[in-house]
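Q: 3D model of this:
(one chain, ligands or ions: 1)
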Amino acid sequence: MLSLPLDLPEFEVLKLTVQESCYEFEVQKSKDERCPYCGFKDYKRDDRTRKVRDLAILEKALYLLVHVTRFRCQNCDEVFSQVL
Ligand SMILES: [Zn+2]
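A: Presented below is the predicted three-dimensional model:
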């Protein structure tokens, strides 16, 4: 398990790629989500990745590839996504 040199305790690092000019951290939120409408915990997932430019460390740019998950609640059928 890699540790992130950033203050992002709620993220789990999936992969670190070191490129010539930048670092890429692939991260996802480690917390379980609940439906914000009814609190139900059973849902369908739809994973996407969003690339976020973050700080430069050690003179290289740092990109976060954040997995943004959209959910469709199986109880009330509302669609929601993780809050970053
Ligand atoms: Zn719901």
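
Q: ok, now which ones touch the most centrally placed residue in the chain?
A: When the chain is reduced to its mean C-alpha position, the nearest residue by CA atoms, centre = their mean turns out to be Q28, at 3.0 Å. Neighbouring residues of Q28 by CB atoms under 8 Å, 6 or more residues apart in numbering: F11, E12, L14, V66, H67, T69. Bear in mind the C-beta positions are built from the backbone N, C-alpha and C, glycine included.

Q: partners of the helix or strand encompassing it, with directions?
A: Counting by DSSP states H and E, the element that carries Q28 is strand 22-29. Next to strand 22-29 in the sheet, as set by DSSP bridges, lie strand 11-18 (antiparallel), strand 60-73 (parallel).

Q: so does the last one get close to the ion?
A: Yes - Strand 60-73 reaches the ion (CB under 5 Å from the ion) through C73.

Q: what does that strand contact?
A: Under CB under 8 Å, 6+ apart, the answer for strand 60-73 is 6, 11, 14, 19, 21-29, 33, 35, 37-38, 40, 42-56, 78-82, 84.
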